[in-house]
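Colleague: got a sequence here, can you model it:
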Amino acid sequence: MLYDLEHRQVALLVIDVQGEYFDEDGPAYVEHALDIVGNVNRLIDAFRAGDLPVVFVRHAHRADGSDAGRMGDFSAADEEDSFVEGTPRAELVPELHAEPGDVVVTKRRYSAFLGTDLEAVLHTVRTRAVVICGLMTSFCCETTARDAHGRDYEVLFAADAVEGPDLEDAEGREVLHDAVLANTVTALGAGFAEIVTTEDVIARLG
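Modeller: Numbers count the residues shown, from 1 in each chain. Have a look, this model is predicted:
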């Protein structure tokens, strides 16, 4: 289904465009994270121009790890902690078109809805559709898209404005991000979201 964004209450969710993914010396560095910032900013600018809500989502944990739960299951025991509240790498990157006073939601799990006030924010502006962009493709972006669908939002997944790392399969073989993205959009497009490009969204915002 093609959602007519001109006649919907639509919000942009900018997920986890944080320093952790951009710092080559950090444990969560994503090689091509910078590649999507241009498209993410184009979406931000288009939503601002249409006086439509933009919500920035960031991931962070307490420094003592007391709220990490199962989020640490796939980290090595000797690996440096990431997304530590109050550290520079947990903040939104300066390249992002964020402004003072913007709504910023802090999450502690993959879904931007779980344990946050995101839905209260969206309900306040009567949101019916969300556009999802940011990091990482098959983790926080995909999980948030699925969760949004389950909460009866129309979901648009901006495939050229998401990024993530190469992964390994169960046998330890490398799976390039292009394949990860292809699998993600296939699964989401089959039952959870409309797969779109940045240009699609901007054109349909009118």
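Colleague: run me through the strand neighbours of the longest strand along the chain, direction for each.
Modeller: Ranked by residue count and defined by DSSP state E, the top strand of the chain is strand 154-163. Sheet pairing of strand 154-163 (DSSP bridges) gives strand 129-135 (parallel), strand 194-196 (parallel).
Colleague: what residues sit buried inside the shortest one?
Modeller: Put plainly, it is strand 194-196. Residues of strand 194-196 classed as buried by neighbour count (16 or more other Cβ atoms under 10 Å): E194, I195, V196. Any C-beta I mention is one placed from the backbone N, CA and C, and that applies to glycine too.
Colleague: wait, the first one touches A158, no?
Modeller: If I follow you right, that is E194. No - contact status for E194 versus A158: not in contact, 10.1 Å apart, counting by Cβ atoms under 8 Å.
Colleague: could you measure from C133 over to V17?
Modeller: 8 Å (Cβ to Cβ, to the nearest Å).
Colleague: same check, this time on D45
Modeller: Taking Cβ to Cβ, one finds D45 at 14 Å from V17.
Colleague: then R204?
Modeller: Distance from R204 to V17, by Cβ to Cβ: 23 Å.
Colleague: between the two, which one's more packed in?
Modeller: V17 (26 against 18; other Cβ atoms under 10 Å).
Colleague: quick check, pLDDT for the more buried one.
Modeller: In this prediction, V17 carries a pLDDT score of 98.
Colleague: cool, and M1?
Modeller: pLDDT for M1: 44.
Colleague: over to the one 3 residues further on?
Modeller: At D4, the pLDDT value in this model is 57.
Colleague: ok, now E85?
Modeller: 95.
Colleague: so which of the buried residues of strand 194-196 comes closest to L13?
Modeller: Using Cβ to Cβ, V196 comes nearest to L13 of the buried residues of strand 194-196, at 13.5 Å.
Colleague: which ones are touching the residue lying closest to that closest one once chain neighbours are set aside?
Modeller: Excluding its sequence neighbours, the residue lying closest to V196 (Cβ to Cβ, 6 or more residues apart in numbering) is L156, at 5.0 Å. Residues near L156 by Cβ atoms under 8 Å, 6 or more residues apart in numbering: Y3, L5, A129, V130, V131, I132, A193, E194, V196, V201.
Colleague: what sits in contact with each of C133 and V17?
Modeller: Shared contacts of C133 and V17, counting by Cβ under 8 Å, 6+ apart, come down to V40.
Colleague: got a list of what L13 touches?
Modeller: By Cβ under 8 Å, 6+ apart, the contact list for L13 reads V55, V57, A112, L118, V130, V131, I132, C133, G134, T144.
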